[in-house]
Every structure is written in structure tokens, then in C-alpha cells.
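Visitor: Compute the structure for the input listed below.
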Amino acid sequence: MKGRNTMNANVYGRFFGCVLVGLLAVCSLRSQIRTQAVCTGDTVVITLGSYKGTVKWQQASNLTSWTDIAGANAATLRAVMGANTYYRAAVQEATGCPTFYSDTTLLSAWNPALAVNNVKTQTVGTSSFSSSSKLVVSWKAPAFAVSKYEITATESVKNTSVVITLASSKTSDTLKGLKSGTNYKVSIKACTDDGCKTAAVCGATSSGSTSQEYWQLQGTGNTVAGLKKVVADGNTLNYAFVYGSWAPHDSLKGRIRYYYNPLAFGEKGTKSALSNAVPRTGDIASAITFTGLTGYGLTYSGYDSTVAGTRAFRYIGQAQAVPYQGKVRMYFEAQTADNRTRIHFIDSKDGLTGIDYNAGTSTLCKTTDDFKIGGGCDYTTALSVGTDATNTNPNISDIRQFKIGYPTLDSWLWNGAAGTFMTPTFDVAKTADCGNKYSFTTGYALWDGSAWKLQYNGSCPKFFDGVQAPCVVHLGGSRYKFYFNYNQVLKGQTMNPQRDTKPMRVMYAEGTSGVVQFEDWEGVEKSRDMVYLFPDGTALTELQESKLDDYHFFAPTGDMEFQVQYSNISDGTSIPFVAAAVLLNP
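Guide: The predicted structure is shown next:
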């Protein structure tokens, strides 16, 4: 970075050594020329060591044509760096005495002319945009020898940084893994040794901004009616995972297991489907075509309110199936006979296939007997509400739609690591004054290795206000992004999913050592807008975009260059169905 650089120079022939400190690493010079990196515009301070007599500072551009520097007759020389320049001190003890010279140092000035530009600019319909996660950076190489470069890009929201190390031969590269719709300040360091103990860190920085995410719905035309259905009988509530090498059958490896709420009342709840093909990066059709599997899953169609003490469900909402410990653990929201909604879980009875959750002869969980304690579909409550006698979560009346965040880019097989997070939507009890302005609030729970623990500030749960239908996506390491509908229906007002304005938003978090805390997230107020396009390139209005709900975002091939979304959608009057979108500008 620009600033003042200091060096001490001793006279050659009588005094020895040269110490250069500050941004110009420490060196030892004895009758030699040492090139040091200096940024253009830096003020260089050279101080002569112990000497007797008078001093004249000299400079040259070629080691032969030395000229005295006007007025430079003190022990300290100050120079503002421009072109590459050699410096030395001429010392004469007394008139008639010989002149001695300090060691010579070449200060090599560097102006990297750093530039930051967008990547892969494209136009679809009337919308022009570039990559939402990449910027290209370029610079001019210095005259001095470089071991490597370090590029640092720091974003403007949480001040997190992306740092890359590049070979000395490079003069440009692409920064990847950036946040969408975000401004970055970029700086460069030229290292002159492998450990980067000596480096030029020039203060000239450059800035650039990534684009918003642009998602294109699949199908034809510019109406909801023209969109392709992911599965023929899909209605709402989407989730999927991808079978890895751990799949129980070779025929499943690489394919997508998809869960959804179907249209038929007799199957309402959670039904599974399987992708018709192994998805391939860039081949959207291979990732959005499914065949449903009738006769498997969980349904609330068998609920009988006349059965006292029934553990069957009045309603089953969002589900997330997590491959875990040799089975698939199905977490799901459901409302019981007391009209309270909680998060429960049940483990598959067919190992990692993940379609049969009934230990009895049936493969469908439906009846009162199925869900009773000891029944074929006996389940466990994962997150309770404030009225429950055990594992109580104070000031929570209902817990609803949720998603679990774990490192799916590493493997869809969850390792159960403590610190895994969940984002459950809940209703704050009417008697509690927790400061929520909107009807929809999404909280935060952490897995402690054996149970989920909702996070609190005192007696009130931590929450993101106005967040509906949360969905988290692993970006690698401890980095995640969080999609949601920003629903600003005020607390106490009537909600209507078909009418409410709730545009899509995304925010980011970067945790530590695999754990993402609530405070690591940027917050709703700093979240980014998103843009959706119909198949013909027409942009959706905010009201049309608000009809997207119960979505699932992921990279079906593990390649973040190929990101897909499954989402309910409606035109506001039609019955919702499940459509798909692809990210145009990863």
C-alpha cells in the first residue's frame, strides 16, 4: 500500500551494511546492488548511518550518470517514487579527503494499473447482465523479479475476503466464488520470495461489482401456462438430494431423489420421485424430468379427528430427506390434533434408498395405527413449541417450513456434525414482545450432535424478520447462501400466498471451521434482489415473482456452474404446480 518507506544506508569503504525497513523488507548490502520493490507514488525515506563529514545524495538511472540531488545534504533523504532509480550517498570527511560511497540500491517503482471487470456479459430478452459470482482482474507486471502474486477481493457487506495466489507469469485471472450483486475492492501484492516476507503492496486498488442472479424458467412463452412441469402431479413443497457413490444400487448413483406434495388428496403429504436420467452439467432437461412413485411416502389423507389421542397428522408440510447413518432421515413439518405445527423426523426402512418409511407391510405412512407409538411410522419430534412439556421452546406457538444446511457439495450424505444449522419458520407467541414486525419470521437452530437447539437472545428466539420459505445452498467450505421470499405482511394481518407481494431475495454467510452461526449471516436488510425471466426472456413482474414458493435450489452435478431450482408457481388463480429454473449467470 502507498505510504512512507524507510531505509538506513551506511558508507562503503568505511562503514558497512544497509538496512531497509518498512514495506521494503530488511536487507544487508555490502558493495552490491539490491533491487527493492517500491510502489509508484510512495515516499521513500533513506537515512545514512554513522559517518563523519559532509554528505551528498546522488541518483542515477543507469549506474553511470550520477547526479547530485539538489538540497539533499542531510543524513536523511526523502524521495517520491516515479521511475526506477538508483540511489547512493557520497561522504567526504573533510576538504581534500577522499569521497566514500554507500552501497547502491535500485528502487524499482511499480504501478500495477489494477483493473477489475465483469465476466461473461450476455443479453436475454431485454436484460443484460454478467456473472453473479466472478470478476476478472488484470494488472501490469513490475520490472523487478516476482515469486508470486496475491490478489485480495473484499466485499462491502460483511467485509469478508477472497484471496488467491497466482504464478509470477500471470497478469490476469478470474476471481470466483463471489457473492451476487456485491461490490468488491480488489488489491494486489507482488511477493519477491516464496514466503512473501518481502513484497510490494501497492495502495492502488480497483473496485467491481458482480451482477444479480438471473434465473430463467423452463418451458415456452411468457406465461405460467407455458412452463414445463417437473413432475406430472407436482403441487407444492420441494426438496431433492443426489445419490453419490454411497447409493445402495448402481442404478441410483448420480440420480436425483426428489420429494414433493402431489395433487391427489389420497397422497397429500410427501411423495418421492426419481430423475429419469443422471443429470449432466449444462443439460437442463436431465435435471428437471421426474417420474413419481405412487404408494410410498407420508400422507395426512388418513387423518381421523374422531380418534382420541391420535398421533396422525392434520397436515404435512415441508419435508427434507437427509441421507444419514445408513438410512434417509425425513424431517418434516406437520400439524397434530392439538392444531400445533412442529418439526418431526422419521427414518427410512429401506436404508439409503429413502422411499419406504413404514416398518409394517405397507410402504405408505397414512393411518392412525401407522403413526401411533410403536407403529410402523412412529416418529420423533425434532423441534417443539412453547406449550410442550418437554424440549420446550419458549414463546413459540408453531414451527413450520424449514431447511437444514450442511456441506452438500462435499457429500449429500450428512455426517451428523455438531454445528449443523436449521432455518425453521415459526410463529412468535402473541403474548411475547420479541420485536418482530412481520407475520413471517425464520429462526435458527443448531445441531449439538444429538438434538436440535433453537437459538435465543434471552427469552426471545433469534430470527430473520419477514423471511418466508427459507432454502440454503452450500457454496463450499463454511460458505452458504440463503434464498427466501421477503414477505412484508405485517404481524396480525391476514396472509394470502396467492396475493401477497413477497419478492425473492438471497443473502450469504461465511462460518468458521464448518460452523455457521446466526450472526454470520448478513441479515435481511442487506440481502440481494434476484431477477426471473420467462422462457422467452420476458422479465417477471414482482407480483409474478411472488408466486414462486416452497422452492429447492441446488447444483445437481456438484458443479456450481450448473444451478437449478424447483419451485411451485401459479398465475394467481390457477392451482400451483412445480416448475424449474436455471441460473443463467453463475
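
Visitor: how about the helices in the stretch 451-586 of the chain?
Guide: 542-545 (DSSP state H, counting those that start in this stretch).

Visitor: which residues of it fall in strands?
Guide: Ranges of strands in the stretch 451-586 of the chain, per DSSP state E, counting those that start in this stretch, are 452-454, 456-457, 460-461, 463-465, 467-476, 479-486, 504-510, 528-533, 549-554, 564-569, 577-583.

Visitor: can I get those strands in TSV with mean pLDDT and mean neighbour count?
Guide: Quick note: C-beta positions are derived from backbone N, CA and C, even for glycine. Output for these, formatted as TSV (pLDDT from 0 to 100; neighbours: other CB atoms under 10 Å):
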stretch	mean pLDDT	mean neighbour count
strand 452-454	98	20
strand 456-457	97	14
strand 460-461	97	22
strand 463-465	98	25
strand 467-476	97	22
strand 479-486	98	24
strand 504-510	98	22
strand 528-533	98	20
strand 549-554	98	24
strand 564-569	98	24
strand 577-583	98	24
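
Visitor: and residue 252, which of those is closest to it?
Guide: strand 549-554 (16.9 Å; CB to CB).

Visitor: re the thing from before, could I get the strands of the stretch 451-586 of the chain in CSV, plus columns for distance to residue 38?
Guide: CSV is the format used below for the strands of the stretch 451-586 of the chain (distance: least, CB to CB, whole Å):
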stretch, distance to residue 38
strand 452-454, 54
strand 456-457, 51
strand 460-461, 55
strand 463-465, 48
strand 467-476, 37
strand 479-486, 36
strand 504-510, 34
strand 528-533, 40
strand 549-554, 48
strand 564-569, 50
strand 577-583, 44
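
Visitor: Determine which residue lies closest to the centroid of the protein.
Guide: residue 480 (3.9 Å; CA atoms, centre = their mean).

Visitor: tell me the contacts of that one?
Guide: Counting by CB atoms under 8 Å, 6 or more residues apart in numbering, residue 480 makes contact with 405, 472-474, 508-509, 511, 516.

Visitor: bridging residues for it?
Guide: Bridge pairing for residue 480 (DSSP bridges) gives the partners residue 474, residue 509.

Visitor: Look up how far residue 559 lies from it.
Guide: For residue 480, the distance to residue 559 (CB to CB, to the nearest Å) stands at 17 Å.

Visitor: for residue 152, helix, strand, or coil?
Guide: Reduced to three states with DSSP: H, G, I helix; E, B strand; the rest coil, the structure at residue 152 is strand.

Visitor: looking at the protein, which residue ends up farthest from its center?
Guide: The chain, CA atoms, centre = their mean, max distance from centroid: residue 96 (72.1 Å).

Visitor: On the three-state scheme, it is what?
Guide: coil.

Visitor: between the strands of the stretch 451-586 of the chain, which gets nearest to residue 45?
Guide: That would be strand 504-510 among the strands of the stretch 451-586 of the chain, by CB to CB, at 39.1 Å.

Visitor: Which residues are in contact with the spatially closest residue to residue 515 that is not a sequence neighbour?
Guide: Leaving aside its sequence neighbours, residue 515 sits nearest to residue 419 (CB to CB, 6 or more residues apart in numbering; 3.5 Å). By CB under 8 Å, 6+ apart, residue 419 lies in contact with 446-447, 514-516.

Visitor: buried subset of those residues?
Guide: With neighbours counted by 16 or more other CB atoms under 10 Å, those contain buried members at 446-447, 516.

Visitor: Would you check that residue 478 makes contact with residue 508?
Guide: No: when contacts are counted by CB atoms under 8 Å, residue 478 is not listed as touching residue 508 (11.4 Å).

Visitor: ok, what's across the strand from residue 234?
Guide: residue 262.

Visitor: what does residue 152 give?
Guide: Here residue 152, judged by DSSP bridges, has bridge partners residue 163, residue 187.

Visitor: Now for it: which residues touch it?
Guide: So residue 152 contacts 161-163, 186-189 (CB under 8 Å, 6+ apart).

Visitor: related to what we said a few turns ago, can you tell me how far the residue nearest to residue 515 is from residue 448?
Guide: Using CB to CB, one obtains 8 Å as the distance from residue 419 to residue 448.
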